[in-house]
Structure formats: C-alpha cells, structure tokens
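what would the 3D arrangement of this be:
(2 chains)
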Amino acid sequence: MTSPTSMPAGLQEIIDDFASLVGQEKLLLLLEFGENLPALPERYAYHPELLEPVPECQSPVFLITEIDRSSGTPVARLFFTAPLESPTTRGFAGVLREGLDGLPVTEVLAVPADFAMQLPVADVVSPLRMRGLSAMLSRVQRQLTKAMQDDNPAGAH
Amino acid sequence: MSVLKTVPFDSDPSLAAYAHPQRLVTTEWLAQHKDDAGVIVVESDEDVLLYETGHIPGAIKIDWVLDLNDQVTRDYVDGAGFAKLLSAKGISRDSTVVIYGDKSNWWAAYALWVFTLFGHEDVRLVNGGRAKWIDEGRELTRDTTKLATTNYPVIERNDIPIRAYQATVLKTLGQHPLIDVRSTPEYTGERTHMAEYPQEGVLRGGHIPSAVSVPWSRAAAADGTFKPRTELEKIYFDEAGLAVDSDVIAYCRIGERSSHTWFVLTHLLGLSNVRNYDGSWTEWGNTVRVPVAQGLEPGVIPAAAAKS
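You can find the predicted model right below:
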C-alpha cells in the first residue's frame, strides 16, 4: 500500500526552527523539547505493560497511541516515556508529541518515513542516533494503522 | 617532553589495591582538584545531550560519535583529527585529563581508551562516574565551560598494543583468550531473532567461537564504582580463566563496553596484554564465512577457520 505523504504544518515548523539554529543552539532546543515532554497520564503510568518499547533506541523509550473519535474525525493521541538520563531520546519524543499529538490520524500516517532525515539535527546528534527517531515514528504510524484496521476491517484499503 | 608533575594522584585507600591506582580518582578528589592548574575534566556519555542537562562545573564534553570517531571511515580520528579536537577543547599534551560519564563510566572508559591510542600520558577515570557525583549531592551546572584553545601536537595513533583488528582475531583464534562482554542474549545469539523486530545492523547472532562470556557490567558495583580487586580477580581469573600474563582480546558490539573491560583488566588487575577488538560483533556478525558459535558454551573453533 502506498499513500501520499505530506509534512504536517506543526512538524514543518519544528524543522524550520531547528534549521534556523546552529551547533549548540540546536542541542539546547532539543533539550527543551525533552523537558516539555509531559508525564504519562495515570492510566499508563500504572500500566507500563501497555506501552510498546522501541528497541532501536539506545535508551529505553516506550510509547503508546490512542485514537480519539469524539469529534467525528479520528484524532491521534501520542504518549511517550523515557528516563531523565536519556535527554536525546526524550527530545525526540518531545518533537513527535509536539508536532503530531491531536492531529487527525490521516495526517500522522502521511508523515514521510524520512522525517528523521529532514530534521536538521544529525550534525549535532550524529546520524547513528537519528535511528531512534525514525523507529519511534514508524511505531507510532504502525500502531495507528493497526488500530484503524482493527476498527474497520472491511475498509482497510 | 619533560614536565613537572604538579597534579597529585589520589591516595584514597579505596583505590590502593588496584594495579594502577593512578588511573582512578574518587569523586572527593575531583571535588578538591577539579580547578587545579593542569587538570581538565571531561564528561563522556552515551547520550549526547546529558552534559547539557547539567555537568560538573568546569567540565567539557567529548562525544564518542561526533568527536572520537572518523565521520566517514569506520575508524577513530587520526593524529591530525585528535590534535584538532584536543586543541579546540583546550587540552594540552601534558594535561591531566579526568574523565567521567554515565552508565558506570562505560563511555568514559571508551574515551580513555581512545586517549590511550594516542599515548596521552595522564588520563584518569572518576570512580563511580556521573551517577556517583550526583548521588552524593555534588554541584552540577549548565554554565558553558570555555577553555583557551591549545596547540596539541599531532601524534600518530598507535593501535597495535591495545587494539585488535578482525584479521588478527581470526588468524589467532584459539591462541588467545577471548572475552565477550555483551549481555547473555547477545552472546547466545537469541537477540537477532526477536519477533517482528529484526535487528538492523547485524546479520548473524552468536559469538566468536572460544570466547568466554563475562558481561562488562559484572565489574561494576551498584553505585557505578568498580568492584574491589579481590572480587574482580574472582570473576576474571577464577571464573573466566584469565591470568595476569594472559594475552586477551575483549569485544562487544562496537567496542564501547569492551573498553570498560579493557580498563578493568589493564589498570585494575594489571594485565599488560589486553586488546580491544572494536570491530566487535557488528563487524564479525556481518562477515562472510567467519565461524560463529551459538548458545551458552564458548564453542569449538572449526579446524579450517584459522587458515582464512
């Protein structure tokens, strides 16, 4: 299945913000995203087994998605948790949360798979560490795809 | 180059039993001496942003990926690259470089090993690393450290004494003890077969035949310091079968965790022939026709293996 990709405005804004900075300033912005990552809501804080691990990341990071149908259009909700000792991973999680949480599911699924390559931080973080961001995005998209298909098995094309 | 050594070694009794106690300092020593002339404190972590969340006042950061690795070839920086890096960081050839980091100093030990490739004479680890400093409630800061640039000389890297290449490991299979310092599931080979998550990066799972499994973290105590010498001797001598005159090669996945073990064997137990095979499993497990053993046993070296 191929679907058209498009970068949501919020994520594009984050890309542009990083692109306007150099060197150390980019690291500090990434740190800020991590520091703004909200704590898990109680329903997950006490049920870590519901969260999916992302083994490609060097640090333990867990994520879960929900689909909110209260407004008619299915909306994606994203939740992440990673230890305070892993600020890069928290930063990546913060970027995805800030850029994607609350968007229609279709928009989250349309985020290009190479988003991590478009976020201009590899020069200060190393390409190696960018894999964690790719892995997190692909898991978000896979969870949402599966949830949409489970809810609507006949129309999953 | 002769310099008057003014930076004292740490004479704390907790370090005295180790083979080379001058390679370690306690957090207390660091608190007392971090601002001494000639001392450069370096933080080296797995996470590239951890330093920015708060570091020991006056410490600079050296990142294992961005600073110590060549960005094109899979290798360490060369003499010119190392000189450029250290000059920009404000380190001189006669500086006392004191390194600390996260995860029981796993990455700090890696940085120390790279400094050793260039023969930097006075390089030390902070026993217990970043976590111990923080647990003791000592000061952290986000203030930027700006040191005056220096003119570090271009020193040719000398790999031979402490670094092993794959060709050597293969050619000498069975002649030297091999220590695999990865986790048990990586050693047995089960880690590449995780359902739904093919491990990118390594095509085959298992270990180099004859390698003995001693996960690196067994050398670390709960507080991130190194275990006492007597306990280390039990692990590496009694259990793993090494002796002080063994010619050992240690490896892991990319050579970082095995740097920690290299430090333990070389500086804490006093072995003089320890090499780190930094190509490690990401090289071996992707190489065509090299022997691989799976399961908990060290395994048998195929007769033809050593003949290339």
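
contacts only, for the residue nearest the centre of chain A.
Closest to where the C-alpha atoms of chain A average out (CA atoms, centre = their mean) is residue A:96, at 3.2 Å. The contact partners of residue A:96, by CB atoms under 8 Å, 6 or more residues apart in numbering or on different chains, come to A:78, A:80, A:133, A:136, A:137, A:140. Every C-beta, even on glycine, is put in place using the N, C-alpha and C of the backbone.

from residue B:25, how far off is it?
Taking CB to CB, to the nearest Å as the measure, residue A:96 falls 40 Å from residue B:25.

again, but for residue A:99
Taken as CB to CB, the span from residue A:99 to residue B:25 is 44 Å.

the two: who's more crowded?
residue B:25 (28 against 24; other CB atoms under 10 Å in any protein chain shown).

now the closest residue to the more buried one other than its chain neighbours: how far from residue B:24?
Nearest non-adjacent residue to residue B:25, counting by CB to CB, 6 or more residues apart in numbering or on different chains: residue B:10, 4.3 Å away. Note on residue B:10: its distance to residue B:24, by CB to CB, is 7 Å.

and those two? Which one has more around it.
More neighbours surround residue B:24 than the other of residue B:10 and residue B:24, with 25 against 22 (other CB under 10 Å).

hmm, the more buried one is touching residue B:17, no?
No. With contact defined as CB atoms under 8 Å, residue B:24 does not count as touching residue B:17 (11.0 Å).

quick one: pLDDT of residue 154?
Picked chain A for this. pLDDT recorded at residue A:154 is 58.

ah, no, chain B please
pLDDT, residue B:154: 98.

now swap in residue B:202 and tell me
86.

check residue B:1 too.
Value listed for residue B:1 in the pLDDT field: 46.

spatially nearest residue to residue A:33, not counting backbone neighbours?
Using CB to CB, 6+ apart, the closest residue to residue A:33 is residue A:94 (3.2 Å).

sec struct for that neighbour, please.
helix (DSSP: H, G, I helix; E, B strand; the rest coil).

give the buried residues for stretch B:178-191.
Using 16 or more other CB atoms under 10 Å in any protein chain shown as the test for burial, stretch B:178-191 gives B:178, B:179, B:180, B:181, B:182, B:183, B:186, B:187, B:188, B:189, B:191.

roughly how far does the first one sit from chain A?
According to CB to the nearest CB, to the nearest Å, residue B:178 and chain A sit 25 Å apart.

quick check: that residue touching residue B:172?
No. Taking contacts as CB under 8 Å, residue B:178 lies outside contact range of residue B:172: 9.5 Å.

what pLDDT does the residue nearest to residue B:25 get?
Confidence for residue B:10, expressed as pLDDT, is 97.

same thing with the one 10 residues further on?
Residue B:20 carries a pLDDT score of 98 in this model.

do residue B:242 as well
98.

what residues does the stretch 1-150 of chain B put near chain A?
B:46, B:47, B:48, B:49, B:50, B:52, B:53, B:63, B:65, B:66, B:102 (CB under 8 Å from any CB of the partner chain).

buried subset of those residues, written for ChimeraX?
Of the residues of the stretch 1-150 of chain B next to chain A, the buried ones can be selected in ChimeraX as follows, counting by 16+ other CB under 10 Å:
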select /B:46,47,48,49,50,52,53,63,66,102
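
what sits in contact with each of residue B:10 and residue B:24?
By CB under 8 Å, 6+ apart, residue B:10 and residue B:24 have no common neighbours.

which residues in chain A form strands?
A:52-53, A:62-68, A:75-81 (DSSP state E).

over to chain B?
Using DSSP E, strands in chain B cover B:24-25, B:39-43, B:60-61, B:96-100, B:123-126, B:178-180, B:212-213, B:247-251, B:273-277.

nearest to residue A:85, out of those strands?
Nearest to residue A:85 among the strands of chain B is strand B:39-43 (13.0 Å), distances taken as CB to CB.

spell out which parts of chain A neighbour chain B.
Neighbours of chain B within chain A, by CB under 8 Å from any CB: A:27-28, A:30-31, A:34, A:55-56, A:58-59, A:84-89, A:91, A:124-126, A:128-129, A:131.

contact partners for residue B:31?
By CB under 8 Å, 6+ apart, residue B:31 lies in contact with residue B:138.

next one: residue B:90
Residue B:90 touches B:40, B:60, B:147, B:148, B:149, B:150, counting by CB under 8 Å, 6+ apart.

if any of the residues you listed are buried, put those into a PyMOL selection.
Those of the contacts of residue B:90 that count as buried under 16+ other CB under 10 Å are selected in PyMOL with:
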select buried, chain B and resi 40+60+150
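
roughly how far does residue B:10 sit from residue B:37?
Going from residue B:10 to residue B:37 by CB to CB gives 17 Å.

actually residue A:20, not the one I wrote
Applying CB to CB to residue A:20 and residue B:37 gives a distance of 40 Å.

got a list of what the residue lying closest to residue B:108 once chain neighbours are set aside touches?
Computed as CB to CB, 6+ apart, the closest residue to residue B:108 that is not its neighbour in sequence is residue B:101, at 3.5 Å. Neighbour list for residue B:101: B:43, B:44, B:45, B:46, B:107, B:108, B:111, B:129, B:130 [criterion: CB under 8 Å, 6+ apart].

wait, the first one touches residue B:59, no?
I take that to be residue B:43. Yes. Taking contacts as CB under 8 Å, residue B:43 lies within contact range of residue B:59: 4.9 Å.

between the two, which contacts overlap?
B:51, B:100.

could you check how far the helix or strand of chain B with the lowest mean pLDDT is from the centre of its chain?
Every helix and strand of chain B was ranked by mean pLDDT, DSSP states H and E. The lowest is helix B:184-188, at a mean of 91. The chain centroid and the centroid of helix B:184-188 are separated by 20 Å under CA atoms, centre = their mean, to the nearest Å.
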